[in-house]
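> Quick one, what's the 3D model for this:
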Amino acid sequence: MFKKILQSLSKSQAAKPTAAAPPPRQETAKPGEVLQKISKVSPASAAPVEKTPDELCEIAPKTPKDQVQARLKLLYRRYNRGASSLDPKIRAEADLMLDAIVKVREKYFGEI
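Next up, the predicted model:
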């Protein structure tokens with residue numbers, strides 16, 4: 001019985017026509033166009049701009065102290081877990097943010 005089913009399936013697969021592959025597109029580059037693409041500096045490869053701890057924590061200069069405290073508390077809860085992560089990218093970002101949180105806290109509330 002399985003032999004008949006297998007033969008039937010193989011016949012039906014063999015009877016199907018295969019689609020022809022589309023012809024490859026040929027793109028011709030204008031002279032100098034490739035050099036322009038290469039010479040353009042992408043924003044990702046540009047030197048990263050260092051942000052201040054206030055900017056990292058998204059705290060405006062005229063923010064009231066109670067809002068600063070609430071924001072720092074939220075950020076601490078968010079990034080404290082990441083500090084013990086096995087993923088090195090997450091751990092590095094968490095360490096950077098925790099350092100920024102400490103600096104902002106010392107700036108607004110004095111030494112710890």
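> Which secondary structure element of the protein has the lowest mean pLDDT?
Ranked by mean pLDDT, DSSP states H and E, the weakest helix or strand in the chain is helix 33-39, scoring a mean of 60.
> helices or strands up against the longest helix seen in the chain?
In the chain, assigned by DSSP state H, the helix with the most residues is helix 88-109. If you count contacts as 3 or more C-beta pairs under 8 Å, 6 or more residues apart in numbering; DSSP states H and E, helix 88-109 packs onto helix 53-56, helix 65-82. No exception for glycine: its C-beta is placed from N, CA and C like everyone else's.
> what residues does the first one touch?
Defining contact as C-beta atoms under 8 Å, 6 or more residues apart in numbering, one finds that helix 53-56 is touched by 60-61, 96-97, 99-101, 103-104, 107.
> Save the residues you listed as JSON lines, and put in neighbour count, distance to Tyr79 and pLDDT too.
Below are the contacts of helix 53-56 laid out as JSON lines (neighbours: other C-beta atoms under 10 Å; distance: C-beta to C-beta, whole Å; pLDDT from 0 to 100):
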{"residue": "Ala60", "neighbour count": "9", "distance to Tyr79": "20", "pLDDT": "90"}
{"residue": "Pro61", "neighbour count": "5", "distance to Tyr79": "22", "pLDDT": "88"}
{"residue": "Leu96", "neighbour count": "14", "distance to Tyr79": "9", "pLDDT": "94"}
{"residue": "Met97", "neighbour count": "20", "distance to Tyr79": "4", "pLDDT": "92"}
{"residue": "Asp99", "neighbour count": "13", "distance to Tyr79": "10", "pLDDT": "94"}
{"residue": "Ala100", "neighbour count": "21", "distance to Tyr79": "9", "pLDDT": "93"}
{"residue": "Ile101", "neighbour count": "21", "distance to Tyr79": "7", "pLDDT": "93"}
{"residue": "Lys103", "neighbour count": "15", "distance to Tyr79": "14", "pLDDT": "93"}
{"residue": "Val104", "neighbour count": "20", "distance to Tyr79": "13", "pLDDT": "92"}
{"residue": "Lys107", "neighbour count": "12", "distance to Tyr79": "18", "pLDDT": "91"}
